[in-house]
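# Provided below for reference: sequence and predicted model.
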Amino acid sequence: MKQKSSKRLILFGCQIVLLLAVIPAAGQIRLHDPASDELAKKTRDAFAEFSKGDANVFETMLSNTMSLKEATLAQLYDLNRQGTRDAVNLVPVQTWKQLRGRVKKTQDDFLLAYNAARTILDEKAAQAPDLKAALKLAQDELTALNTKRTQKAAELDAEQPDLKKLKDSLDKLKDALVLSSKPVNRLSDLEIEFNNLKSVWAGIASVKEFWEAAQKSTNAPGLQLTILDVAVTHQQAKVDRLKLDLEEADAAQKRGARIAQRLQVVWFQGEVEAGGPTKGEAKAGLFGQVYKGIGSVADQDERVLVTIGKLAKEAEDEVGTKLDATMKLRNLLDILGRYTTLAGYQKYLLLSDAIEAGVDTHLFSIRRSAINTRDREMLVSYGLDGLAAYHAGGLRPEQIANFFRAAQSIALGVLAWREE
Amino acid sequence: MKIKTLTLTVLIALGSFSSFGCGGEEAARQVALQLRASVIEDEKLIDANIATQTAFYEKQRTEIEKSRVGQLMPQPDGDPVLVPGAIVFRLDGERRLRSAEAATAMSLNPGQEARLSNLMHYLLETNDREYELWNKLYEDDQKAREDLKSKIAKLQRQKKVLTQVKENLNQLALAPNRKKRARALLLFSRETFVALKKSGQ
């Protein structure tokens, strides 16, 4: 009897132990998966690192390009400054006649710099034989850039609303899916949202193939959503590329306008003297003003510094009297200053614009590569991993969709590490 | 008796399992929904931030451009007139001021001031000061644009992470009976979201 009750006690004890073990086990994360957990952590940490700063390969390339541009421009500016110093060294000791010849040479150099800038941008670009032709080329270029910008803006305007419609319809469907308390076996179970999605997607030609593919998997809502996601991502990349095209066209148009304005500032419409000793000299703009100022000096064979000294002496006594010498002195100094800036920074700006344009081509090309890479990575991560899952067999559609998601996480994680 | 006791134990155990499992699933779903709502809010904030930064940049650029190159002002009787922008006025004003200062200095003391080095110094400084002013007025458009693009690229990367988290949370609704996957996704989403928030601080 005692033995029997002892056995019962042991049995009862075992049952108690079993019950006690069941409750905490149910409270824990019962289905722990170390591999997924490790992957999730790695991906998360990669994202955290990735989001910390601009530790991104494309951003680094862009930053390097900008540094290279700054270094190139600094070098160009130094060279230009050396040329300016040389010009300035000569100014005081030259006669006004000699100076006029130097101004004409600077004008020719300016045209040369403009043509050089065009060649930097396009080696096959037409060369301007004279000032007027240069201005016309610059203005024609500006007109072409304006047209290109308008065209790009129109292309973007046409694509952008479609992307918004695709995104909105998909988001609404997902929201409904998440908030639905009933199990959803097919997306068409969510009648309103699915019909809305259907009407939007069927009407947009650029996602036709995706929509058809999604329709073939009506019994696999996860797979359908994945396909629609891929389509949106792809369309987003398309819009991003158009935005970039527009920005590039906009930057080129602004630069073109700046170059055309600069030419106008220095020689206005490009009209030149037709004959005589002043043949080829610009009639207007900064060059025209300099020629005019030099021409106002009575003795063209006098050295510049001598004239300046004489006028300064005369101006010394012009207190409370007419200011003839004072004004002449001020005007001549003003003219000499204008000439120096033409030989100096104005010419530099013409070349720096060309370098900036070349850099822009490179910068936009990097940004375009970044978009293309993002687009490809996304498609590859969805496509190849999904395919692998399919061929592995034994997976249900929901699991395939989940696998796609996991693959996407992995791709993003890998991307984050690589970009670090 | 032994059989009766065992049956009872198994029934209690199964009951505990099932009741705790369902409660856990529902709790997980609720947490996921809350987290998803936070993620959507954050996505909206990032979108708003991108829009604000872009709009600010565009507005600044338009204003600067207007002041630089001037604008066409309509005239009541006749064609519009191009009013020169700040850059034309300021460069011209600066030139005139500098030449007047130099003329004054030279005329005050011609014997000392109207000399070779002074004239050269005046010319070089005119070039440098004008270039400096031009730089100030024009600034670096390209740099400003690239800075903005970098900021936006960073925001977009953050948004991409949030989208990923949201998509994972969506999976909970798609396959609520996949406990293992659901838990992994929820854990991943929650921790990624926290990591992202921390990194953005």
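The structure has been received and is ready for your questions. Numbers count the residues shown, from 1 in each chain, chains lettered A, B, ... in the order given.
# Which phi and psi values does residue A:95 adopt?
Backbone torsions of residue A:95, given as degrees, to the nearest 10, read phi -80, psi 170.
# For residue B:119, see how far away the nearest residue in space to it that is not next to it in sequence is.
Beyond its immediate neighbours in the sequence, the residue positioned closest to residue A:95 (Cβ to Cβ, 6 or more residues apart in numbering or on different chains) is residue A:301, lying 5.0 Å away. C-beta coordinates here come from the backbone N, C-alpha and C atoms, glycine included. Separation of residue A:301 from residue B:119 (Cβ to Cβ, to the nearest Å) stands at 19 Å.
# Just the mean pLDDT for the stretch of helix or strand residue A:64 belongs to, thanks.
If you go by DSSP states H and E, residue A:64 is part of helix A:57-90. In this model, helix A:57-90 carries a mean pLDDT of 89.
# what helices or strands is that helix leaning on?
The helices and strands touching helix A:57-90, judged by 3 or more Cβ pairs under 8 Å, 6 or more residues apart in numbering or on different chains; DSSP states H and E, are helix A:96-121, helix A:324-341, helix A:347-392, helix A:397-419, helix B:116-138, helix B:141-174.
# now it, how far from the centre of its chain.
Using Cα atoms, centre = their mean, to the nearest Å, the mean C-alpha position of helix A:57-90 is found 21 Å from that of the whole chain.
# how about it: buried residues?
Along helix A:57-90, the positions that meet the burial threshold by neighbour count (16 or more other Cβ atoms under 10 Å in any protein chain shown) are A:58-59, A:61-62, A:65-66, A:69, A:73, A:77, A:80-81, A:83-84, A:87-88.
# Low-confidence ranges, the stretch 1-150 of chain A, go.
Of all residues in the stretch 1-150 of chain A, those with pLDDT under 70 make up the ranges A:1-56.
# I would like the residues contacting stretch A:287-306, please.
The list of residues contacting stretch A:287-306 from outside it, by Cβ atoms under 8 Å, 6 or more residues apart in numbering or on different chains, reads A:91-97, A:99-100, A:103, A:106-107, A:110, A:266-268, A:278, A:281-282, A:307, A:328, A:331-332, A:334-336, A:338-339, A:342, B:114-116, B:119.
# List, one by one, the residues from the stretch 101-250 of chain A near chain B.
When proximity is defined by Cβ under 8 Å from any Cβ of the partner chain, the stretch 101-250 of chain A lies next to chain B at A:174, A:177, A:178, A:179, A:180, A:183, A:184, A:221, A:222, A:225, A:229, A:247.
# Which residues are in contact with the last one?
This points to residue A:247. Residue A:247 sits in contact with A:364, B:145, where contact means Cβ under 8 Å, 6+ apart.
# Could you tell me how far it is located from residue B:108?
Taking Cβ to Cβ as the measure, residue A:247 and residue B:108 are separated by 54 Å.
# likewise the fifth one?
Here residue A:180 is placed at a distance of 89 Å from residue B:108 (Cβ to Cβ).
# Now do the contacts for residue 90.
Since no chain was named, I'll use chain A. Taking Cβ under 8 Å, 6+ apart, we find residue A:90 in contact with residue A:102.
# That was the other one, I meant chain B.
With Cβ under 8 Å, 6+ apart as the criterion, the residues that contact residue B:90 are B:133, B:137.
# Now it: which helix or strand?
helix B:86-108.
# Give the buried residues for the following helix or strand past that helix.
Per DSSP H and E, the first helix or strand lying C-terminal to helix B:86-108 is helix B:110-113. By neighbour count with 16+ other Cβ under 10 Å, helix B:110-113 contains the buried residues B:110, B:113.
# name the helices or strands packed onto helix B:110-113?
Here helix B:110-113 is seen to pack against helix A:304-316 when contacts are counted using 3+ Cβ pairs under 8 Å, 6+ apart.
# Using CSV, list the CA coordinates for the helix it packs on.
Backbone C-alpha positions of helix A:304-316 (Å, rounded to 0.1, in the frame of the first residue of the first chain) are rendered in CSV as follows:
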residue,chain,number,x,y,z
VAL,A,304,50.9,105.2,-68.2
LEU,A,305,52.6,106.0,-64.9
VAL,A,306,53.8,109.4,-66.2
THR,A,307,50.2,110.4,-67.2
ILE,A,308,49.0,109.1,-63.8
GLY,A,309,51.7,111.1,-62.0
LYS,A,310,50.9,114.3,-63.9
LEU,A,311,47.2,114.0,-63.3
ALA,A,312,47.8,113.3,-59.6
LYS,A,313,49.9,116.5,-59.3
GLU,A,314,47.2,118.6,-61.0
ALA,A,315,44.5,117.0,-58.9
GLU,A,316,46.4,117.9,-55.7
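# what's the angle from that helix to helix A:96-121?
Going by axes from the mean of the first three to the mean of the last three Cα atoms, to 10 degrees, helix A:304-316 is angled at 120 degrees with respect to helix A:96-121.
# Next, the angle from helix A:304-316 to helix B:86-108.
Angle, helix A:304-316 to helix B:86-108, by the same axes, to 10 degrees: 70 degrees.
# Buried residues of helix A:304-316, list them for me.
By neighbour count on 16+ other Cβ under 10 Å, the buried set for helix A:304-316 is A:304, A:305, A:307, A:308, A:309, A:310, A:311, A:312, A:313, A:314, A:315, A:316.
# what's the closest non-adjacent residue to the last one?
Spatial nearest neighbour of residue A:316, excluding adjacent residues (Cβ to Cβ, 6+ apart): residue B:107 at 5.1 Å.
# neighbours around that neighbour, how many?
Residue B:107 has 24 neighbours, counted by other Cβ atoms under 10 Å in any protein chain shown.
# next one: residue A:357
A count of neighbours around residue A:357, defined by other Cβ under 10 Å, yields 19.
# so what's it up against?
Each residue near residue A:357 by Cβ under 8 Å, 6+ apart is listed here: A:120, A:121, A:252, A:255.
# Provide a list of residues in contact with the second one.
In this case it means residue A:121. Residues near residue A:121 by Cβ under 8 Å, 6+ apart: A:354, A:357, A:358.
# Distance check, it against residue A:151.
Between residue A:121 and residue A:151 the computed distance is 20 Å (Cβ to Cβ).
# Same question for the third one.
As judged by Cβ to Cβ, residue A:252 and residue A:151 stand 13 Å apart.
# What of the last one?
Going from residue A:255 to residue A:151 by Cβ to Cβ gives 18 Å.
# Pick out whichever of those two has more residues nearby.
The neighbour count for residue A:255 versus residue A:151, taken as other Cβ under 10 Å, is higher for residue A:255 (21 against 13).
# wait, what's in contact with the nearest residue to residue A:253 once chain neighbours are set aside?
Nearest in space to residue A:253, with sequence neighbours left out and distances taken as Cβ to Cβ, 6+ apart, is residue A:145 at 4.2 Å. For residue A:145, the contacting residues are A:249, A:252, A:253, A:256, by Cβ under 8 Å, 6+ apart.
# Quick check: residue A:145 is in a helix.
Yes: assessed with DSSP: H, G, I helix; E, B strand; the rest coil, residue A:145 lies in a helix.
# what about the closest residue to residue B:127 other than its chain neighbours, which SS state?
Leaving aside its sequence neighbours, residue B:127 sits nearest to residue A:344 (Cβ to Cβ, 6+ apart; 4.0 Å). Secondary structure of residue A:344, reduced to three states by three-state DSSP: helix.
# and residue A:344, what is it in contact with?
A:80, A:81, A:83, A:84, A:87, B:127, B:131.
# Tell me the spacing between the closest residue to residue A:92 other than its chain neighbours and residue A:323.
Taking Cβ to Cβ, 6+ apart, and ignoring the residues beside it in sequence, residue A:92 has residue A:305 as its nearest neighbour in space, at 3.9 Å. As for residue A:305, its distance to residue A:323 is 22 Å (criterion: Cβ to Cβ).
# Kindly report the same for residue A:334.
According to Cβ to Cβ, residue A:334 and residue A:323 sit 15 Å apart.
# Looking at the two, which is more packed in?
Under the neighbour definition other Cβ under 10 Å, residue A:334 and residue A:323 were set side by side, and residue A:334 has more, 22 against 15.
# How much space separates the nearest residue to that one once chain neighbours are set aside from residue A:335?
Counting by Cβ to Cβ, 6+ apart, residue A:334 lies nearest to residue B:99, which is 3.8 Å off, once chain neighbours are set aside. As judged by Cβ to Cβ, residue B:99 and residue A:335 stand 8 Å apart.
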